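A.B. asks: Sequence and predicted structure below; questions after.
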Amino acid sequence: MKKKILVTGGAGYIGSHVVRQLGAAGYDVVIYDNCSTGSAQAVLHGDLIIGDLADLDTLYRVFFQHQFTAVLHFAASLNVPESVAHPLEYYANNTRNTLNLLRCCSDMGVNQIIFSSTAAVYGQPVTNPVTESTPTEPINPYGRSKLSCEWLIRDYATASSLRYVILRYFNIAGAEPGGRLGQMSKNVSHLIGVACNAALKRQPGIRIFGTDFPTPDGTAIRDYLHVEDLATAHLDALRYLEQGQESQILNCGYGQGYSVRQVIERVKVISGIDFPVIETDRRPGDPACVITSADRIRQVLGWKPKYNDLDLIVYTTLAWEMRQKGAIPNSIAQPKLTTQPKVA
Ligand code: UFG
């Protein structure tokens with residue numbers, strides 16, 4: 001019998017990539033998503049149920065109708081400034097809704113969960129690389145709401161047969177190389193998305209938030225991870241739990257950092273388009289440098305990333321954005337890659 005997986009938020013950016021990979025791997029998938037930011041078009045496999053995790057009646061009905069072997073929990077709010085302005089909504093949508101999901105898991109005997117956490121739980125790390133034992137000191141309601149979900153899952157697992165893998169994502173970008181999936185959200189605010197929009201002349205240029213960081217070129221450094229590799233980490237985590245292995249918290253990133261200037265430069269080179277860059281003050285709360293140690297996830301899950309290349313991340317983002325506008329991206333140069341990933 002095929003294993004049946006519940007994916008909350010499976011119509012969203014990361015969830016939809018994972019759903020596609022689950023389908024390719026032969027899993028039966030039910031997607032539960034309120035489509036507030038996700039889209040039914042992004043669901044390339046499985047059955048989509050449009051519902052909210054706050055609606056316990058519908059959620060229980062879904063659990064009654066299917067015998068899930070595991071839950072992958074993506075559905076969440078994830079905008080940091082929005083979380084500062086609307087903390088109650090963030091604790092409701094992230095923390096309370098995770099509690100709802102755990103109640104269903106508990107009552108219906110589902111004892112494997114993979115949870116989408118974030119590097120934001122570390123706040124402003126004083127040392128790099130960030131390891132799983134770096135203290136968690138989130139500095140905004142988004143990070144705190146995600147950390148409180150981690151505590152919920154861990155406490156409940158201690159008291160039950162639940163086993164979990166909590167993945168703490170670093171900076172996710174890129175799109176499925178086949179061109180079918182990418183970030184649908186209209187209000188892209190993350191660096192690679194904004195830079196691609198600037199290259200495609202959807203905005204006049206890009207601002208660099210801070211040029212006085214203690215980094216080689218004065219701009220902030222982040223660990224950018226391709227969404228397809230992140231999706232693969234979820235399938236690895238699922239197989240890991242299926243083997244009966246113990247719960248884990250794992251950082252998910254390549255362990256390699258790029259500065260804001262380096263990212264903008266690569267977007268200009270790959271797109272072949274120059275655009276204005278304005279240097280402005282730091283954005284409040286931005287740490288200078290956040291890079292993970294990728295040792296544990298590789299060792300524990302046997303995770304083998306295939307898209308570890310900033311140019312490929314930029315290229316797939318640009319290609320996706322151009323396709324969204326109906327333009328076939330042959331005007332941009334496909335990067336020469338150190339490793340050529342296979343498009344499934
Ligand atoms: N940046 C600019 N100009 C822009 C956009 C971003 O200079 O137009 C800078 C930011 O100031 C920061 C860097 O680019 O120094 C990366 O910013 P992002 O907004 O792309 O990503 P963050 O590192 O701020 O945050 C991301 C996610 C969070 C998550 C965090 C975990 O957006 O949800 O990674 O590390 F919590």
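C.D. replies: Thanks, I have it.
A.B. asks: Pull up the residues of the stretch 51-200 of the chain that are close to the ligand.
C.D. replies: 78, 80, 118-120, 170-171, 189-191, 194 (CB under 6 Å from any ligand atom). C-beta here means a position set from N, CA and C on the backbone, and glycine is covered the same way.
A.B. asks: at 8 Å what do you get?
C.D. replies: Residues of the stretch 51-200 of the chain lying close to the ligand (CB under 8 Å from any ligand atom) are 78-80, 118-120, 122, 142-143, 169-173, 189-195.
A.B. asks: What subset of those residues is buried?
C.D. replies: Buried by 16 or more other CB atoms under 10 Å: 78, 80, 118-120, 122, 142-143, 169-173, 191-195, out of those.
A.B. asks: Just the ones of those in strands?
C.D. replies: Residues from those lying in strands, with DSSP state E as the criterion: 118, 169, 171-173.
A.B. asks: And those residues, which two are furthest apart?
C.D. replies: Pairwise distances across these peak at 14.3 Å for Thr118 and Ala173 (criterion: CB to CB).
A.B. asks: Let me see the contact set for Val29.
C.D. replies: 4-5, 7, 10, 19, 22-23, 45-47 (CB atoms under 8 Å, 6 or more residues apart in numbering).
A.B. asks: mind listing which of these are in helices?
C.D. replies: Members of the contacts of Val29 lying in helices (criterion: DSSP state H): 19, 22-23.
A.B. asks: neighbouring contacts of stretch 92-102?
C.D. replies: Under the criterion CB under 8 Å, 6+ apart, residues 8, 52-54, 56, 59, 71, 73, 75-77, 113, 115, 142, 145-146, 148-149, 152-153, 156, 162 lie in contact with stretch 92-102.
A.B. asks: List the buried residues for it?
C.D. replies: Buried residues in stretch 92-102, counted by 16+ other CB under 10 Å: 93-98, 100-102.
A.B. asks: Could I have the CA atoms of stretch 140-160 written out in CSV?
C.D. replies: The C-alpha trace of stretch 140-160 is given here as CSV (Å, rounded to 0.1, in the frame of the first residue of the first chain):
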residue,chain,number,x,y,z
ASN,A,140,11.1,39.0,16.2
PRO,A,141,7.6,37.5,16.7
TYR,A,142,8.1,35.4,13.5
GLY,A,143,11.1,33.7,14.9
ARG,A,144,9.5,33.3,18.3
SER,A,145,6.3,31.9,16.9
LYS,A,146,8.3,29.3,15.0
LEU,A,147,10.5,28.5,18.1
SER,A,148,7.3,28.0,20.2
CYS,A,149,6.1,25.5,17.6
GLU,A,150,9.4,23.6,18.0
TRP,A,151,8.9,23.5,21.8
LEU,A,152,5.3,22.3,21.3
ILE,A,153,6.5,19.5,19.0
ARG,A,154,9.4,18.5,21.3
ASP,A,155,7.3,18.5,24.5
TYR,A,156,4.6,16.5,22.9
ALA,A,157,7.1,14.0,21.4
THR,A,158,8.5,13.5,24.9
ALA,A,159,5.1,12.6,26.2
SER,A,160,4.0,10.4,23.2
